[in-house]
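Undergrad: Sequence plus predicted model, see below.
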Amino acid sequence: MKTKNYCPVLVTALCAFVLPAQAGWGSVRANNRSERRHEPVADRRRLDIEGERRHAFYWAGYHPGSPINVLPAGSVEVSVNGIGFYYYDGVFFSPTTTGFYAAATPPVGIVVPKLAEGAEPIVVGATTCYYSAGAFYVQQPNGFVVVPAPLGVTVTGLPPGASPTVINGVLYYVSDPNYFQPVMQGGVTVYVTAHP
């Protein structure tokens with residue numbers, strides 16, 4: 001009975017895995033290594049994680065016109081000037097003619113019982129405003145009222161669905177009726193409310 005010798009096959013397979021792992025300086029594999037591979041983890045961190053953090057909020061997935069079939073559990077009815085809306089965690093929904101709902105632009109003057117998660121406090125003169133999902137709020141005794149965007153304030157993120165536009169050679173992001181101008185601050189892009 002003749003037996004097969006598997007030794008050459010085994011040695012070839014081991015060489016295929018072991019030799020590249022030991023490639024040193026001067027080999028083709030080692031010469032192609034990136035020098036950045038050994039930089040400290042702290043130097044590779046991303047400076048602008050605020051944008052990713054905002055994507056975790058409920059309101060990040062909705063811009064004016066976004067349709068939904070069913071209102072989220074916990075939605076509250078709110079109205080301004082006789083026009084009714086439903087509010088949930090920073091998003092206003094209005095009924096459509098098809099019987100469903102669509103996200104709406106935050107109406108100025110409407111009062112909500114609580115702010116959305118992630119609302120940013122912004123001091124404007126003697127008043128503290130809160131910015132969330134593209135709307136500015138001021139605290140009232142019965143809740144938080146949507147107010148027009150104060151000019152010249154800095155926010156860390158754009159409203160969902162904001163679209164870029166260039167006016168007189170300057171880039172703005174528009175989220176009706178507000179304009180936001182991107183600027184660099186501490187190595188991170190932030191947005192200043194503006195009137196072009």
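TA: Yep, it's here. What you see is a predicted model; the values in this text were computed from it and never measured.

Undergrad: Helices along this structure, start to end?
TA: 7-21, 28-31, 41-44, 50-54 (DSSP state H).

Undergrad: Break the chain into its domains for me.
TA: 7-44, 50-194 (automatic domain parsing).

Undergrad: Export those domains to a markdown table and append columns for mean pLDDT.
TA: Shown next, in a markdown table, are those (pLDDT from 0 to 100):
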| stretch | mean pLDDT |
| --- | --- |
| domain 7-44 | 48 |
| domain 50-194 | 88 |
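
Undergrad: could you dump those to JSON lines with mean neighbour count?
TA: Placement of C-beta: from N, CA and C, glycine included. Output for the domains of the chain, formatted as JSON lines (neighbours: other C-beta atoms under 10 Å):
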{"stretch": "domain 7-44", "mean neighbour count": "9"}
{"stretch": "domain 50-194", "mean neighbour count": "16"}
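
Undergrad: what's near enough to touch residue 152?
TA: 192-194 (C-beta atoms under 8 Å, 6 or more residues apart in numbering).

Undergrad: residue contacts, the closest residue to residue 106 other than its chain neighbours?
TA: Excluding the flanking residues, the one nearest residue 106 by C-beta to C-beta, 6 or more residues apart in numbering is residue 135, at 3.6 Å. Residue 135 sits next to 90, 106, 146, 159 when contact means C-beta under 8 Å, 6+ apart.

Undergrad: can we see that at 10 Å?
TA: Each residue near residue 135 by C-beta atoms under 10 Å, 6 or more residues apart in numbering is listed here: 59, 90-92, 105-108, 110, 112, 115-116, 119, 129, 144, 146-147, 149, 159, 175, 178.

Undergrad: Strands - which of the residues you listed land there?
TA: Mapping those onto strands (DSSP state E) picks out 91-92, 112, 129, 144, 146-147, 175, 178.

Undergrad: from the residues you listed, which is closest to residue 167?
TA: Set against residue 167, the nearest of the ones in strands among the contacts of residue 135 by C-beta to C-beta is residue 178 (13.7 Å).

Undergrad: of the ones in strands among the contacts of residue 135, closest to residue 81?
TA: Of the ones in strands among the contacts of residue 135, the one sitting nearest to residue 81 (C-beta to C-beta) turns out to be residue 146, at 12.3 Å.

Undergrad: these two touch, right, the closest one and residue 139?
TA: No: the criterion here is C-beta atoms under 10 Å, and residue 146 misses it with residue 139 at 11.8 Å.

Undergrad: Show me the beta-bridge partners of residue 182.
TA: Judged by DSSP bridges, the bridge partners of residue 182 are residue 191.

Undergrad: right, and it touches residue 156 too?
TA: No: using C-beta under 10 Å, residue 182 makes no contact with residue 156, being 11.4 Å away.

Undergrad: Alright, calling it a day.
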